[in-house]
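> Compute the structure for the input listed below.
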Amino acid sequence: MLDGYLDVDRLEFVARDTRTAGVTYGFHELDWLVRSLRIVRKPQTIGEGGTIHPASWVLAVDSRKGLFALWQFLEARANMYRQVYLHKTVRSATVMFCLILKRATELQLTCPSVSLTQYLQSPEVLNLHQCLALDDSDVIAAIKHWSQPNTQDAIVRSLCDGFLRRELYKVILLNEDTYDRLSALKDYIDSIVAQRMSVSKDLADYYYTLDKATFKVLGDEQLNEGQIWILGSSKYGPALTSLPEAWREYTHQENFHECRYYLICHKSMVQDLTRLCDRLRAGRSTSLSLVPPNGYRLLALLGEGAHKTTYLAAPTSKPGTESPLCAVKYLKYEVDLSPDQAEDSDNASRSINDLLGNILGLEHSNLTNPHVIGSDATGTWMYEPLWDGTLLAVILEQGPLRDLGQILDVITQLFDGLTRLHSANLRHSDLKPDNCGFILRASGATPTFTYQIGDFGCASTQPSHIPNNPDSLGSIKTRAPELFGESKRIDLGSDVWALAATVFAAVALRYPFMKLNTDTRDPDVRSRIEGDIQANLTDRLESFRADVETQLPQPLVACLSPCFKDLGERASASDVLKEAQAQRDKFHSLVQAEPEAQFAWERAEMLSTMLTQGDSIDKAPLIELKALSERFNKILPRCIITLAEKGSEQLT
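Below you'll find the model as predicted:
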């Protein structure tokens with residue numbers, strides 16, 4: 001009763017804290033639970049290894065009366081930990097409170113409370129009398145005193161002011177794996193925090209904390225002397241069952257412990273540390289066997305391909321204030337990057353630096369502009385800026401793009417980058433949604449998106465050369481039709497098709513010849529899909545082109561339809577860029593004159609779905625759809641305009 005699973009402290013504080021916090025999680029039948037307690041003689045037992053446990057008197061709960069009251073108490077206690085004690089706001093306030101006392105102790109600050117001042121100046125000699133003299137009022141008075149402008153130390157003043165005004169540190173919830181990775185990166189995080197907050201590295205701990213909180217549903221499982229037993233009955237008479245064993249049978253759970261992981265930080269650090277956490281979650285925790293070049297530290301594995309391995313990395317010298325993280329890629333020499341040096345064998349060693357030298361000179365805002373940071377006997381290390389997201393991630397998380405102005409801006413920027421790449425006679429060869437990303441810049445109230453083409457692992461300085469390695473043809477999902485079959489052809493126009501197919505996937509949630517979620521990582525599956533496309537290429541191509549003409553808004557048809565023609569008739573990247581710029585300007589002018597145009601496509605698509613799903617024609621949505629199709633007939637898809645016309649005829 002003094003120290004065990006059901007000690008008086010646990011039985012009292014759960015109900016008291018529940019009332020004080022104004023919640024209902026911790027209420028339980030305390031009186032009924034106490035009335036069900038029994039003093040029982042536990043017989044002698046022989047444990048593992050022949051250990052003899054002598055007979056003893058133990059405290060037990062009568063299962064006939066108090067078992068469910070006991071379960072109610074244990075669940076109430078667990079809920080109080082989950083919902084109150086370990087709530088993120090409570091953890092943030094607790095961390096700030098501890099940091100205040102830590103800093104005050106380091107500086108040996110004074111305050112109105114004599115007892116607290118004595119503790120801060122000599123915490124190791126605090127006696128029982130001084131400890132009992134301290135209470136909440138002493139601490140609150142000290143925090144108010146230190147929050148005043150005349151407090152010289154900026155750290156303790158800021159902490160106290162934020163604590164009193166409830167401007168607490170922000171909390172980022174973590175899982176165990178991310179917590180462990182962040183713990184291993186403490187020195188690097190200290191550097192970021194020190195630079196962002198303009199303090200020395202040894203003071204970084206005052207601006208962020210990695211916090212781990214654990215609670216045990218049953219307390220200490222090994223606490224035999226304070227253990228509560230369950231008194232039941234059997235055919236041989238009274239029977240005792242240990243509480244852990246009974247709880248395990250009741251909940252069907254083997255784990256009696258729960259852990260919560262937090263990253264608690266100053267508001268100025270939220271963006272940098274959230275970005276770091278997101279990247280660590282996305283990366284895989286794997287052994288990083290490769291040795292990175294000097295000046296960089298590998299943090300996590302982001303992806304592996306036939307030609308390269310991509311890592312999340314951080315500079316070890318001085319992290320940048322804008323983006324402390326970057327992508328570091330290891331390109332193997334056997335990659336087919338210089339066809340003139342690999343006519344006989346794809347595995348011949350060749351120079352990547354020549355190709356990257358051509359890319360480095362481009363310096364375009366819609367290209368990632370990589371640069372070489374090192375090399376060894378088997379490959380080259382390449383640096384690329386880290387995107388805030390990819391087109392693939394956007395459409396998987398948010399669904400298809402429906403803001404026509406945004407889509408036209410995506411087309412304009414990506415084809416601007418491709419035009420610059422083609423002007424240097426470079427073929428990308430692997431354009432797809434996960435190789436097109438964006439960088440977000442929050443300038444004022446309106447964020448700015450810069451879309452970029454990246455990942456030049458399959459790029460070639462000879463646009464018309466067919467690589468011997470089929471993997472160097474790029475992703476089968478966005479591959480141009482001339483690259484299927486025995487008599488393959490390739491040119492800069494193949495990039496135009498692939499980039500247009502990338503935009504089409506972001507709008508239609510499918511690729512030209514397959515579904516969006518088709519898994520092509522397995523070579524056998526990929527070969528089977530390629531054979532099926534090749535066997536039905538003519539029919540598939542005709543059907544796809546018809547879908548482009550009818551299902552896309554007309555400004556997108558004007559931009560993308562020329563990209564899906566045969567190779568000899570296909571538009572160049574510069575032609576698509578000019579058309580996209582013209583269509584974007586027209587649409588922006590239309591939105592300025594009629595703001596409803598910005599959402600006309602999305603609304604018309606919703607009305608079309610309502611009409612096609614019903615058994616009979618609903619008059620109200622049809623009238624609205626007809627009005628939209630007449631008002632914005634120059635931007636809506638032809639299939640929607642046709643549906644409105646046919647529906648009106650049937651209704652008439």
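
> low pLDDT regions in the stretch 251-400 of the chain?
Counting by pLDDT under 70, the stretch 251-400 of the chain contains low-confidence ranges at 255, 283-290, 306-307, 317-324, 333-361.

> One more pass at 90, please.
Per-residue confidence of the stretch 251-400 of the chain (counting by pLDDT under 90) places the weak regions at 251-258, 271-272, 274-363, 368-390, 393-394, 396-398.

> tell me the SS of T612?
In three-state terms, and counting by DSSP: H, G, I helix; E, B strand; the rest coil, T612 is helix.

> what helix or strand does the spatially most central residue of the chain sit in?
For the chain, D278 is the residue whose C-alpha lies nearest the centre (Cα atoms, centre = their mean; 4.1 Å). In this structure, D278 is located in helix 270-282 according to DSSP states H and E.

> wait, what's in contact with the residue nearest to the centre of the chain?
For D278, the set of contacting residues under the criterion of Cβ atoms under 8 Å, 6 or more residues apart in numbering is empty. (C-beta placed from N, C-alpha, C; glycine too.)

> next one: the one 4 residues further on
Residues near A282 by Cβ under 8 Å, 6+ apart: 300, 302, 312.

> how far away is the second one from S191?
When Cβ to Cβ, to the nearest Å is applied, the distance between L302 and S191 equals 22 Å.

> same question, the first one
Here the criterion is Cβ to Cβ. By it, A300 lies 18 Å from S191.

> what does the last one give?
Relative to S191, L312 is positioned 16 Å away (criterion: Cβ to Cβ).

> The two: who's more crowded?
With other Cβ atoms under 10 Å as the criterion, L312 and S191 differ in neighbour count, and L312 comes out ahead with 23 against 20.

> got the contact list for the helix or strand hosting the more buried one?
For L312, the host element (DSSP H and E) is strand 308-315. Counting by Cβ under 8 Å, 6+ apart, the neighbours of strand 308-315 from elsewhere in the structure are 185, 188, 279-280, 282-283, 288, 290, 292, 295-304, 324-332, 335, 386, 455, 457.

> Emit the ChimeraX select command for whichever of those are buried.
Buried members of the contacts of strand 308-315, defined by 16 or more other Cβ atoms under 10 Å, are picked up in ChimeraX with:
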select :185,188,279,280,283,292,296,297,298,299,300,301,302,303,324,325,326,327,328,329,330,331,332,335,386,455,457
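
> What average pLDDT does stretch 607-624 get?
Stretch 607-624 comes out with an average pLDDT of 79.

> and that stretch, C-alpha only, in PDB?
Once side chains and other backbone atoms are set aside, the C-alpha atoms of stretch 607-624 remain, and they are given as PDB (Å, rounded to 0.1, in the frame of the first residue of the first chain):
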ATOM      1  CA  LEU A 607     -21.000  18.900 -61.500                       C
ATOM      2  CA  SER A 608     -20.200  16.400 -64.200                       C
ATOM      3  CA  THR A 609     -19.500  13.700 -61.600                       C
ATOM      4  CA  MET A 610     -22.900  14.400 -60.000                       C
ATOM      5  CA  LEU A 611     -24.700  14.100 -63.400                       C
ATOM      6  CA  THR A 612     -22.900  10.900 -64.500                       C
ATOM      7  CA  GLN A 613     -23.400   9.000 -61.200                       C
ATOM      8  CA  GLY A 614     -27.200   9.500 -61.000                       C
ATOM      9  CA  ASP A 615     -29.800   7.400 -62.700                       C
ATOM     10  CA  SER A 616     -31.700  10.400 -63.900                       C
ATOM     11  CA  ILE A 617     -30.700  13.900 -64.900                       C
ATOM     12  CA  ASP A 618     -30.700  16.400 -62.000                       C
ATOM     13  CA  LYS A 619     -31.900  19.700 -63.300                       C
ATOM     14  CA  ALA A 620     -30.000  22.100 -60.800                       C
ATOM     15  CA  PRO A 621     -26.400  20.900 -61.500                       C
ATOM     16  CA  LEU A 622     -27.100  20.600 -65.200                       C
ATOM     17  CA  ILE A 623     -28.300  24.200 -65.400                       C
ATOM     18  CA  GLU A 624     -25.100  25.300 -63.500                       C
END
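
> about what we covered before: and the next helix or strand past the strand holding L312?
Counting by DSSP H and E, the element after strand 308-315 in chain order, helix or strand, is strand 326-332.

> Can I get that next one in CSV, CA atoms only?
Listed in CSV are the C-alpha atoms of strand 326-332, where the atom choice follows Å, rounded to 0.1, in the frame of the first residue of the first chain:
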residue,chain,number,x,y,z
CYS,A,326,21.3,18.7,-49.5
ALA,A,327,21.1,15.6,-51.7
VAL,A,328,24.4,13.8,-52.4
LYS,A,329,24.4,11.3,-55.2
TYR,A,330,26.9,8.6,-56.0
LEU,A,331,27.0,8.0,-59.8
LYS,A,332,28.8,4.8,-60.9
